[in-house]
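> What follows is a predicted protein model with its sequence.
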Amino acid sequence: MKAIIPAKTNSGRVLNKNWREFHDNKCLVEIKIEQLTDAGFSDIYVSCEDESKRSLVESSGASFILRNDDYTKDSMHWSDVVTEVISSVPCTDEEDIAWVPPCVPLFGAKDFAVAKHLWETMDSDFDCLITVKKFKEFVLDEKGKPLNFSFGRWHEWSQDLPQWFILESPIHIMKKSTYLRCKYYIGERPYLHIVPSPSIDIDVLEEFELAQEIYSLRHSKCPK
């Protein structure tokens, strides 16, 4: 199985999110390569538009794929970005590719190993594995109207709410041909793999700092 880490440098909401120091002088990309390696992935690729990142990627044990700068811009359709990045992975259409963004650092090596094993032993009824987290909360719209429950005497107990899922991004897996057919990183018959808590998909600075704090608590060396 191949693994591709899409890691552009021009992050909009968190400056240089994927490449700035996160923990112990390592950036999110270096940490993700390390996690995947420890989980048993041997063919790891990093897609980035900045050639200067090649040496860091290769010294970390992954292969560097230079991405056209156009496919890192917010004006580019996300479907086209996924198709471009997946097309650049050197493998046949029938090989499996794990799509692994670097911005979910709390999903570690053991979690990747579990997802990898699940996919390799999965029933053929599914054409992809995607990661989600369970969601059971009382939801209101912008006008204060309930969406998944009722006010008053019809107010449900929380355990009786419908089971919803939130799409997460630590890892998605499917064949290269499925990515290219769907032009996306989710197929037509997904297996929902529930991620362990806490799970933080870094999108803003506050999430970067919170994930950084939790990761540091987990990985800081205890004094002897």
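On my side now, so go ahead.
> Which strands or helices does the longest helix belonging to the chain pack on?
Longest helix in the chain by number of residues (criterion: DSSP state H): helix 205-219. For helix 205-219, the elements it packs on are strand 21-23, judged by 3 or more CB pairs under 8 Å, 6 or more residues apart in numbering; DSSP states H and E. (C-beta placed from N, C-alpha, C; glycine too.)
> mind listing what's buried in the strand it packs on?
Buried residues in strand 21-23, counting neighbours by 16 or more other CB atoms under 10 Å, are found at Phe22, His23.
> Also stretch 181-199?
Neighbour counts using 16+ other CB under 10 Å place Cys182, Tyr184, Tyr185, Ile186, Gly187, Pro190, Tyr191, His193, Val195, Ser199 of stretch 181-199 among the buried residues.
> starting at the chain centroid, how far to it?
Distance of stretch 181-199 from the chain centroid (CA atoms, centre = their mean, to the nearest Å) equals 10 Å.
> Over to stretch 165-183?
Put simply, stretch 165-183 sits 10 Å off its chain's centre (CA atoms, centre = their mean).
> average pLDDT for that stretch?
For stretch 165-183, mean pLDDT is 95.
> export that stretch as PDB, just CAs?
Provided in PDB are the C-alpha atoms of stretch 165-183 (Å, rounded to 0.1, in the frame of the first residue of the first chain):
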ATOM      1  CA  PHE A 165     -21.100  11.000  11.900                       C
ATOM      2  CA  ILE A 166     -18.600  13.800  11.200                       C
ATOM      3  CA  LEU A 167     -16.100  13.300   8.400                       C
ATOM      4  CA  GLU A 168     -12.500  13.300   9.700                       C
ATOM      5  CA  SER A 169      -9.300  13.300   7.700                       C
ATOM      6  CA  PRO A 170      -6.600  11.300   9.300                       C
ATOM      7  CA  ILE A 171      -6.700   8.600   6.700                       C
ATOM      8  CA  HIS A 172      -8.800   7.500   3.700                       C
ATOM      9  CA  ILE A 173      -7.900   4.400   1.700                       C
ATOM     10  CA  MET A 174      -9.000   3.100  -1.700                       C
ATOM     11  CA  LYS A 175      -7.600   1.900  -5.000                       C
ATOM     12  CA  LYS A 176      -6.000   4.400  -7.200                       C
ATOM     13  CA  SER A 177      -8.600   3.600  -9.900                       C
ATOM     14  CA  THR A 178     -11.400   4.500  -7.500                       C
ATOM     15  CA  TYR A 179      -9.900   7.900  -6.700                       C
ATOM     16  CA  LEU A 180      -9.600   8.600 -10.400                       C
ATOM     17  CA  ARG A 181     -13.100   7.400 -11.200                       C
ATOM     18  CA  CYS A 182     -14.700   9.400  -8.400                       C
ATOM     19  CA  LYS A 183     -12.300  12.400  -8.700                       C
END
